[in-house]
Every structure is written in C-alpha cells, then in structure tokens.
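>>> give me the fold of what follows.
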Amino acid sequence: MIPLKLYRSLVLLFALLAIVSIATAQQKIIRGIAQDSQSEERIPFASVSFKNTTVGKLTDSSGTFSFYLNDWPSDTLEITCVGYQPYRYMLDKRKDTINITLNMERGTFNEGASVKVKVNKRLLVWRKIVQHKPENDRYRFNNFSYELYNKLELDLKNINFQKFGKFKPLKPISDLINSNIDTAEGIKYLPTFLTETLSDYYYQKKPLKRREIIKAANISGVQNESVLKLLGGMDQVINVYNNFIPVFDKQFVSPISDNGDYYYNYRVVDTQLISNQRFFHLVFTPRRQGGDTFEGDCWVHVGTFAIQRMNLRVGKAANINFLENLSMIQEYKMLNDSTWFLSKDKFVVDLSPVGKDRPGFIARKTTTYRKVIVNDTSVINEVSKNKIMEEIITLPKANEKSKEFWTDVRHEPLTKTESGIIKMIDTLTNAPVFQKFTRTMAFIGTGYKDIGNYQIGPGFNWMTSNGWEGFRVRFDVATNKHFNKKFKFHTYLAYGFGDKKLKGMGEVFFLPFKSPRTYLYASYTNDLDWGQNYYGEVSQDNVFALAIRKTGIPIKNLKINEKRFEFFNETLPWMSNLITVTHKTTLPLRNLLPVDSFPITGQGKPFTNFEVALRIRFAYLERFLESHFYRTSLGSGYPIGEIYLSHGFAGIFKSSYKYTKLSASVSDYVNVPPLGNISWMVYAGKTFGTLPYILLDIAPGNELYYYNKYAFNMMNRWEFIHDKYAGINIEHNIGNGIFRLFPKLRLRQFWTAKTLWGSLSPANKALNFKQGHNFQSLDGNTYLELGTGIDNIFHVFRVDFVWRVLPSSVARVNDKNFGIFGSFRVAF
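Below you'll find the model as predicted:
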C-alpha cells in the first residue's frame, strides 16, 4: 500500500506532466534567419513582427530570431530593415513549428524601417570615424600576419537549356547540363568554377614587405598556377579605411573618406548593444546618382569609433557596365579591449552582359582571417626571406590535398550547394560531349581550335584581300601542349590570287624553364610586311581591315625574307633580357623607293641587314596571366621601362649595312580618383649611321579608320622618317565627365595627346629624299595630335575625334587635319 503523502506527490507530478504536455502541444514556435538574397550574408537587427499586432522583436547580431507563442498572433510575419524591401511571410497556421530562411531583396537606404530612431548625430559620427581612422586601420601596425582562407565561386545564371537543346546539334550538351543543374535564390545557374586557397600572409610596414605562402589549393574548373596566385591574399586590397575603394577598374569613394560628406548623406538610425558593447548604426546614401559612390550601412563601435561591420552596395545607377548588383561586406573583430582587426570579407557581383533575365554571371568571393598576430618578431623573420618587396610562394603539392584535409582546415564549412559544385564540375569537364562543346565555343571566340595534339587558326586570317595580292587565303597549323610540354611548332602558308605567289612562315618555341622564365625562339618568314602590329589592335592582315581602310592614301607594300633567333631570360624578378639575332632582306613592292635606288658597293646585297639586339626590360612587381607556353602582362603598380640597343654588321651573309641603334621608353598607368585614370609613355631613340629608309626610325602611322592607341592616327605609314626622335603619349579617361549630367546614357569622356619630335641627318636626307617620293622629316619641329571623344557607347564602342594640330609648315597627305575613328573594347 502506497503511503498517502507519496500518493499525493505522484498525483501532483502526473498533473504537472499533463499540464506541461498540454502546454507543449499547444505552443507555437517559429525560428528563422534573415539574409541578403544576393550575398547570403545574415542581416542583424532587422525588425520582425506579426502584422497588425504589437508582437515583434529584432534579429540578433547573427541575423537569427525565434518566437515561442501560445497561439499565432496573425497569419503574416513582416520583416523590415533599412536598405531592404519589406518582406511578408504567410504562415501556415496548421503547423506548430516553422523554420524559415528569409531572403530579403535590396531596397533603398532612403526608406524607413520599424526600428526606432534613438540617435540622430549624422555628421558627428562620421567625423569621429574619420578622426579615429589612424587608430583603427590595420596598416597602422608595424607588422602583422594571419592565416587566410579564400573561396571563389563563379556561376552561369539564367541558362535555359530546354530551349538551348531544341537545336539538334546541341541537344546532347543540353541534356548533360540539365541533369547537373542547380537552383539558388530562384535563379537557375550552372557552377563553372570553385576554388579554395589556404595561405599564411605576412606584412611589414618599414621597409615595406609582403609575403604569402600558399599552403593548399582546391581548384575545380581551372588548373593554372598563375590564376592560383591571383586568388591568394596578395591582391586583397579592399580597405574601407582608405579614401578610395577599387571596384573593377574604377576607384569608388569610401563612405568614410576624409571628404565623404561631399559625396554622401548620412543618418544614424539606431544604437544596439552587442556582447556588452554599444554600436551606432550609420546609413549612407550618395548625394548624386551615377557617381562612383556606394550606398549601404555600417555598425560603429561607440568609444573607439572603429568599424565593426561595413555593407557596401553598388546599384544599377552606377556607371559600371553589365552590372546588376554588387555587394561588399567587411567584418572586424576585437583582438583586445581597443584593437580591431579584419575578420571577414565577402564580395558578390551579378553581371548580365546581354541584358536583364538573360544569361550572365554570378561571382562570390569570401575571405576569412584567423590566427592574427600583430607587431611580432616572427613576422619580421618571415618577411626577411623575401628577395624582393613582394613574394608569393606556392608550396609543393599544394593542390593535392585530400578531402579530409580541407574538412579540418576550412575556416567555415561549405554550404550544401558548394559541396556539390566540385562533383558537378568534375562530371561536366570529364564528359566528352561537354569537352567538344567548350572547344567549339573557344574556336568561335578566339579563332583557334585544338585537334588532338595540333591546333589550327586563327580563323580571322584565313581570308582577306589587298591591292597587291588580290584575294588572299592563309592556313595555320601548330602543335599544342599535348604534343610536347616544352616545344611549340607553328607554321602557315598563304597564297595571293593576284600576284600568284606562295608565302609562308615557320617558327619553333622552346620553354625549358617557367621560373625564372627562359625561352628560345627561332623563325623563318617569307611574306608581305603588314606594318607595326600592336596587341589588341586591328592589323592589315585581317578580314576586318577590308572595310575600314582610309581612302585616297597610296598603299605601300613590302616583302620580307627574315631569319630570326631570340633568347629570353628573367635575370631578376623585376628585370628581363631579350637577345635577338636577325638576318633580313626587304623588297619594296609598291609606292616606296625601289631597291635599285640604293646601289651597293662590294659583296653585299641591297636592303639586306644582319643585326644583333639587346632589350632590357624593368618591370617591378609585374603580374602575368600565363597559359602553358605564353603569358600576358597584367601590368605593374610601378612604371615599366625598356632599353633597346642594336648593332648592324656588314659583310655577314651578304648584309650591307653597319649601324647602331639606341632607344628607351617608360610607361605607366595611374589612378587619379575621383578623376579617373591616366596612361602615359615617354620614349626616345637615335640611329647612328647612313642608311636607307627601311632601317631608319619610321614614325608609326595609321591608315585605318579603326583607332590605334599606339600610333599617330592622323599620320600615314612611312610619312615621317628620322634618325633621332622623342615623343610623349598621354590618355586621360575621366569617367562620366560632362556626361554626369545625363547619367542614364552611361557615356564616358576622355582626352588624348600625342607628340613627336624628330630630325634626320643631312647624309640620310641625301640618301633617301629623292624626287617623286614624299618622305618627310620633322626637322626638329613638333608633331602634335589632340583628341577627345565618347566612350562606352552601348558598353563596347568608342568614337575618337582627332586633330592634327602641328606642324603647320609640313605638308599633309590629302590635306586633312581632322579625323573620326571608331574602336571597340570591353571594359567595366
């Protein structure tokens, strides 16, 4: 028999359990996360409330919220936050527990929110931030280091492969991609690239040194070490404490710039207590639309006035091509009571090159910083290993780490979507049908096509026409990296149906070492001379040149027979040497002085020279994008200089001329925010010797209506010849300029100036200035072209208006001193 007291206790216990059970059964629970629909970053302190009730709260500092209720106060949950469109979520009142993720779309920072305004100090807070910048910028430390984790994802968006697959030849690739497609934020996208890098980064202020050791790399979609180095931490240049922040090739004004009040309106909309620390919530919007400014908000620590979190957005009104949305987020953490240091970067950009809701790109880059050390001798010891100011070291087998390794070292785990990207990319890139598709698209875009161990192209040169050859056909074939890892062979044959002559060229390239870069090159050419060709410009030997040649200008043709050998070596990371040995015979064909105008005494052959040349190039911290054999310069933050010395020897392989040439140039590209950027080049040269015109210095002219950045566009080829010259080229891209008054047009303004001084010795004048031919010399006078124009027409076209200002005393071909030129180029 149970004692009465124990019995009453059991009855009470069961009653309490029943009450709790009933209460639990009736309780309504909703948990959620508020996040940015584009960047997927959590939104702290957003207002969450039930519509038409007084029940509500703020999301916490990590963007989460929860309600525990006896009943649903209403059927609609409302979420508002400064800078976002109001969000309404319809509840399913039949459910007792709801877990949701709220993807909030961008709005405007001029809209209000349901958060009460407790502080309204506006410019005072901004001024305090600016005043304390020297104390909060991480570059105030003498040195620092950290472990850096970088993650970059690139996706194709708005891909409708059902329609794509209706074209029968493309149906196999459509079926393959649709079977591997994923969905995020309601937008169909195809992951094309995912990379992770883990590195140790070291910085020293005085003397300035930077060092990065890439410990691990996980790349899906691309296998290129030069790309890997660019994705490390050395190019992490975003610093909100700077006056300007780079966005693609532009410099945007930071909202905490020293002159920020000229560009931004500010509001303090709230204060919050986070981890017992008080923060202001500062919102900023551009004073003028269409400028290089952001909109966004930041959380500012009360006391130190350091930035705890900065959200920067660039909208469609900004003068950036193809941009739908762009977000940059930086977060900072306290190292101690008063020291803040960067803890996270996130950069998300949505590009639509062919219009909204059309195929485009979404790129997401996340960088986190751990194991931060400041002002420590370990940093000094590490950077002392540098041979130059800046070094990037990739450890052996960095890209061969296991899945288990990455699971352990990631600063934050991959999302479910990211985890599937690696497998998805491997599936696509290893599928034969996809490989065939990418090869076809590469041929359409570049003109080159790989067939097994060989390559054909460029297709743009297969058919063209000119006044000497008539209709011309040409076909190229080369080996690729699958034929041999160190040797590349290339040859072409061309035939003119007018002159009925076969021409051609053969070359071999040998690359024994990539670092330091060393190569040997040999070629033989027997073809017409197509003049001075520059990277990115239209040459004469091109199908596009047919429609854009100037009229009324005599066409000059030369034929060359050239044997050439080159040896290149990077002596130092910032200096390279190129030795060239050339044997060349030139034959003027039309509208130039013929060979018999220059008789030769002795055993030599007219217009034949043997030359040995040395070029020394100085390019400190120059960056490159490398393919297997070749590389393309991405420029340097410092001026680039070149010195060129050559000597001609008479009597070698029937060469007829002895001479010496010396030239030098310095060029640079400089950002001058907020006034755009300036590119400039200064050059000079001198030739010692009495020589025919083909061996003198020919001023670079342009006989096409396509603008040439490197030539004098109102000057014709072979118009001016010199044995001594100097010049300056300047181009200033202003940005919006006067078109700021018409921001919807998104046009851009620029101006150019090109000047040349030259002279020709009396001996060279006597040899080359013959009756019936119109060679000229500036004779110490100034040649000057000035230009301006409109850039970014329909995002890709540019129109230049160019005036030939000086010299007025020198005759002009066709008596023209003004020209209009077109060109196209893709830029942000």
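>>> list the beta-bridge partners for S66.
Under DSSP bridges, the beta-bridge partners of S66 are R31.
>>> and it, what does it touch?
I29, I30, R31, G32 (Cβ atoms under 8 Å, 6 or more residues apart in numbering). Every C-beta, even on glycine, is put in place using the N, C-alpha and C of the backbone.
>>> need those in CSV with neighbour count, distance to N218 and pLDDT, can you?
As requested, these are exported to CSV (neighbours: other Cβ atoms under 10 Å; distance: Cβ to Cβ, whole Å; pLDDT from 0 to 100):
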residue, neighbour count, distance to N218, pLDDT
I29, 14, 39, 87
I30, 21, 38, 87
R31, 13, 33, 85
G32, 20, 32, 86
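>>> ranges for the strands of the stretch 451-600 of the chain?
Ranges of strands in the stretch 451-600 of the chain, per DSSP state E, counting those that start in this stretch, are 454-456, 463-466, 470-479, 487-496, 501-514, 517-528, 557-572, 575-590.
>>> I'd like those strands as JSON lines, with mean pLDDT appended.
Putting the strands of the stretch 451-600 of the chain into JSON lines (pLDDT from 0 to 100) gives the following:
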{"stretch": "strand 454-456", "mean pLDDT": "91"}
{"stretch": "strand 463-466", "mean pLDDT": "83"}
{"stretch": "strand 470-479", "mean pLDDT": "93"}
{"stretch": "strand 487-496", "mean pLDDT": "95"}
{"stretch": "strand 501-514", "mean pLDDT": "94"}
{"stretch": "strand 517-528", "mean pLDDT": "95"}
{"stretch": "strand 557-572", "mean pLDDT": "93"}
{"stretch": "strand 575-590", "mean pLDDT": "94"}
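>>> R122 against V268, yeah?
Yes. In this structure R122 lies within contact range of V268 using Cβ atoms under 8 Å: 6.2 Å.
>>> what sits closest to I98 if chain neighbours are left out?
Of all residues not flanking I98 in the chain, I30 sits nearest, at 4.5 Å (Cβ to Cβ, 6 or more residues apart in numbering).
>>> can you give me the helices in the stretch 251-400 of the chain?
Ranges of helices in the stretch 251-400 of the chain, per DSSP state H, counting those that start in this stretch, are 260-263, 377-383.
>>> now for the longest one, which elements pack on it?
Using 3 or more Cβ pairs under 8 Å, 6 or more residues apart in numbering; DSSP states H and E as the contact criterion, the neighbours of helix 377-383 among helices and strands are strand 143-157, strand 187-204, strand 209-220.
>>> least reliable of those going by mean pLDDT?
With a mean of 81, strand 187-204 has the lowest mean pLDDT of these.
>>> next one: N399 from K28, what distance?
51 Å (Cβ to Cβ, to the nearest Å).
>>> again, but for I380
60 Å.
>>> cool, and Y241?
Distance of Y241 to K28, given as Cβ to Cβ: 46 Å.
>>> neighbour-wise, which of the two wins?
Y241 (22 against 17; other Cβ atoms under 10 Å).
>>> so how many other residues sit close to the nearest residue to that one once chain neighbours are set aside?
Spatial nearest neighbour of Y241, excluding adjacent residues (Cβ to Cβ, 6+ apart): D137 at 4.0 Å. Burial of D137 is recorded as 16 neighbouring residues (other Cβ under 10 Å).
>>> and the helices and strands packed on helix 377-383 as CSV, adding distance to V354 and mean neighbour count?
Supplementary listing: the helices and strands packed on helix 377-383 in CSV, determined by distance: least, Cβ to Cβ, whole Å; neighbours: other Cβ atoms under 10 Å:
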stretch, distance to V354, mean neighbour count
strand 143-157, 12, 21
strand 187-204, 16, 21
strand 209-220, 26, 21
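>>> nearest to Y707, out of these?
Evaluated with Cβ to Cβ, these place strand 143-157 nearest to Y707, the distance being 32.0 Å.
>>> on contacts alone, who are the packing partners of the closest one?
Applying 3+ Cβ pairs under 8 Å, 6+ apart, we find strand 143-157 packed against strand 187-204, strand 340-351, strand 360-374, helix 377-383, helix 416-429.
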